[in-house]
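Chemist: What shape does this take:
(4 chains)
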2 protein chains.
Amino acid sequence: MSTPGRGLHGRVLDSLGPAITAGEYPPGSVLRTDELAQHFEVSRSVMREAVRVLESMHLVQSRRRVGVTVQPKSAWNVYDPQVIRWRLAGADRPHQLRSLTVLRSAIEPVAAGLAARHATAEQCAELTECALGMVANSRGHQLEAYLVHDMAFHRVILAASGNEMFARLGDVVAEVLAGRTHHEVMFEDPDPAAVTLHVQVAEAVRAGDAARAEELTRQITVGALQELDILAP
Amino acid sequence: MSTPGRGLHGRVLDSLGPAITAGEYPPGSVLRTDELAQHFEVSRSVMREAVRVLESMHLVQSRRRVGVTVQPKSAWNVYDPQVIRWRLAGADRPHQLRSLTVLRSAIEPVAAGLAARHATAEQCAELTECALGMVANSRGHQLEAYLVHDMAFHRVILAASGNEMFARLGDVVAEVLAGRTHHEVMFEDPDPAAVTLHVQVAEAVRAGDAARAEELTRQITVGALQELDILAP
DNA sequence: AGGAACAAAAAGTCAGACTTATTTGTCACA
DNA sequence: TGTGACAAATAAGTCTGACTTTTTGTTCCT
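Modeler: Numbering: from 1, shown residues only, chains lettered A, B, ... in the order given. A predicted model of the protein is given here:
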C-alpha cells in the first residue's frame, strides 16, 4: 500500500517516524542532525530531507543553535496517513484505533446520507456488489474475502459522498477494518446483523433515501464503537 | 498563526505550494528540480528539501529520470493544515470552504456530545465564558470581538471531546469562522438564534446532557450549511 | 516486428567549506 | 550585587561540484 524505501531518506523516515510516534523520543528531546546522519549512516543532505518531512508533519521542530526538538503529541498532524500508519504499527495502536473509530462514527453516517443524494448509478451498482460479496462470505470463516468487500463498501460510500475530505478517509477506514480482522479479536464470522445493515444501506442509497442511509450507517458505526467498549454509560 | 519564512525552503514552499493547490500547474505537469532552483534563486539542496515536503503532502511525486510530477487533487493530503491554508488563500477557496463546512457538520455535533461527557469543570467554565462573550458582542457591529469568542467556543468543544483527532480540527474550524467574517457576506450582526444555541450548548455540556448538546450543535452546523446554500432538496 | 544493447537525462547521494542565527557565558561597570 | 554589553561556541542553514543510479527511449541487429 505505502511506498517503502523510495530513496534513502524514505528508509530513514520508516525508522525514525515510528520511533517518534511510539514515544521512544519523549517530547522535548533534542536530536542533532549530524548525530542522526551518523547513526543512520547517511549523508547530512539525506538526513536533512528526512527532518524536513518530519517537520512538515509537526513531529519535530528544527531550530538553529538548538537542534531538532521532538514536538508534543498535541502538535502532530494526526490526519497524515503516514503518521496514522506509524501509530497503528506501534505501541500507540489501541489508542489510535479508538480515536479513528470515533472519527468514523461521526463521518460515515453523514457521508452515507450525502451518498444517497449524490451517488451515480455506477457507484450504486458497485455498492450493491460489495454488499452481496459481504453476504456471500459472511459464513464459514472466509474472513479475508469478507474484509475485502467490507473495505470496498465503505470506500465507495465515502467516495460517493462527493466530499473530497470524506473520500480521503477511505484509506484510513480500510486500515481500521483490516486491523480489526488481523490484529483484534475476530475469530468468529461477522455479526449477521451488521451484514444485513450493509445490504440495507446499499438499498437506501440506491433509493435515494438519505435519512435512512444515515440512520442505518449510524447503527453500523455504533456497533464498531461497542466492539471497542466505547459507549455511553 | 503560521510560520512564514522559516528558512529559505519555507519561502519556496510559500510560493510553490499555493501555486500548485491553485491549479497553476495542472496535474501531470512535470517540473525539474534544477529549473525550479534557478527560478527561485536557491541552491539545489534547498529546492530538494522543499520538494520533499510537497511530496510528503502528496502534492507532487518525484521520480528518477522523469522529474517532479504534480499529482491529481485526489491524491493530496487535504487534511494538512498547510494545504488547507494554501487552498483557502487561493482560487479554490469557495470549494474548500464548502468541504470544510460539511466536515464540521459531521464532526462538531458528535464532539459536543462527547464533550458533555468528558468536559472538565474548567472547560465548562471556559465554555460559558465564551458563550457570554458572544452574547455581549452580538449587537452593534462588534464582529471582531464576536468572532474571537466564537472561535474559542468551538475550539473548547473540540478539545473537550477528549478525542485528539477532533481536537486537531480546532485550527481549521477557526479559519472557517474567520473566513466567514472576513471574506464572505457578513455585514450584519450574527443571527440571534445562533447566539442562543451556543449558550444552550454550553449549558447542556455543563449539565452533562450529551444528547441535547449533540442536537443543539447539529442545529448550529445546519445553520452554517444553509449560509452556503448546502442543504437537502 | 521483436528484443537486446546502448546512450542520455534527471533525480539521488555524498563530502566539504562556508554562513548565520541563537544561546550562553563572561567581564566590566554602575 | 545585579545588569548590560560583548564575545565565543554551537548547531542548523546554505552552497557548490563531483559522482552514482535508475529509468526511459532509441537504435541496431536478428
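Chemist: Report the helix or strand with the lowest average pLDDT across chain A.
Modeler: helix A:170-182 (a mean of 92; mean pLDDT, DSSP states H and E).
Chemist: That one packs against which elements?
Modeler: helix A:81-88, helix A:93-118, helix A:143-160 (3 or more C-beta pairs under 8 Å, 6 or more residues apart in numbering or on different chains; DSSP states H and E). To be clear about C-beta, it is placed using only N, CA and C from the backbone, and glycine gets the same treatment.
Chemist: Tell me where the model's unsure across chain A.
Modeler: Residue ranges of chain A with pLDDT under 70: A:1-4, A:184-187, A:232-233.
Chemist: List, one by one, the residues from it near DNA strand D.
Modeler: Neighbours of DNA strand D within chain A, by C-beta under 7 Å from any atom of the strand: A:31-34, A:44-45, A:48, A:51, A:62-68.
Chemist: wait, what's in contact with A:Ala204?
Modeler: A:Ala204 sits next to A:112, A:116, A:212-213, A:216 when contact means C-beta atoms under 8 Å, 6 or more residues apart in numbering or on different chains.
Chemist: residues contacting the residue nearest the centre of chain A?
Modeler: What sits nearest the mean C-alpha location of chain A, by C-alpha atoms, centre = their mean, is A:Val172, with 2.0 Å. Residues in contact with A:Val172 (C-beta under 8 Å, 6+ apart) are A:81, A:84, A:100, A:103.
Chemist: Using JSON lines, lay out those together with distance to B:Phe153 and neighbour count.
Modeler: Supplementary listing: the contacts of A:Val172 in JSON lines, determined by distance: C-beta to C-beta, whole Å; neighbours: other C-beta atoms under 10 Å in any protein chain shown:
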{"residue": "A:Pro81", "distance to B:Phe153": "30", "neighbour count": "18"}
{"residue": "A:Ile84", "distance to B:Phe153": "28", "neighbour count": "21"}
{"residue": "A:Leu100", "distance to B:Phe153": "26", "neighbour count": "23"}
{"residue": "A:Leu103", "distance to B:Phe153": "21", "neighbour count": "24"}
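Chemist: For DNA strand C, state which of those is nearest.
Modeler: A:Pro81 (19.4 Å; C-beta to the nearest atom of the strand).
Chemist: close enough to count as contact, the closest one and B:Ala75?
Modeler: No - A:Pro81 is beyond contact range of B:Ala75, at 10.8 Å (criterion: C-beta atoms under 8 Å).
Chemist: got the end-to-end distance for stretch A:154-167?
Modeler: 10 Å (C-alpha to C-alpha, to the nearest Å).
Chemist: List the contacts of that stretch.
Modeler: A:107-108, A:110-112, A:114-115, A:118-120, A:123, A:126-127, A:130, A:169-170, A:173-174, A:177, A:201, A:205, A:217, B:73-74, B:78-79, B:99-100, B:102-103, B:106.
Chemist: Just the element for the residue located most distally from the centre of chain A, please.
Modeler: For chain A, the residue at maximal distance from the C-alpha centroid (C-alpha atoms, centre = their mean) is A:Arg65, at 37.1 Å. Using DSSP states H and E, A:Arg65 sits within no helix or strand.
Chemist: go on, A:Val68?
Modeler: Assigned by DSSP H and E, A:Val68 belongs to strand A:67-70.
Chemist: Could you do A:Gln219 as well?
Modeler: helix A:210-227.
Chemist: and the angle from that helix to helix A:143-160?
Modeler: Put simply, helix A:210-227 runs at 140 degrees to helix A:143-160, going by axes from the mean of the first three to the mean of the last three C-alpha atoms, to 10 degrees.
Chemist: anything in helix A:210-227 near chain B?
Modeler: Yes - counting by C-beta under 8 Å from any C-beta of the partner chain, chain B is contacted by helix A:210-227 at A:Ala210.
Chemist: gap between that helix and the chain center?
Modeler: 18 Å (C-alpha atoms, centre = their mean, to the nearest Å).
Chemist: List of residues touching it?
Modeler: The contact list for helix A:210-227 (C-beta under 8 Å, 6+ apart) reads A:101-102, A:104-105, A:108-117, A:157, A:180, A:184, A:191, A:193-194, A:197-198, A:200-201, A:204-205, A:231, B:232.
Chemist: Could you confirm A:Gln61 falls within a helix?
Modeler: No - secondary structure of A:Gln61 (DSSP: H, G, I helix; E, B strand; the rest coil): strand, not part of a helix.
Chemist: Quick check: the closest residue to it other than its chain neighbours vs A:Gly17, distance?
Modeler: Once flanking residues are discounted, A:Gln61 sits nearest to A:Thr69: 5.0 Å by C-beta to C-beta, 6 or more residues apart in numbering or on different chains. As judged by C-beta to C-beta, to the nearest Å, A:Thr69 and A:Gly17 stand 16 Å apart.
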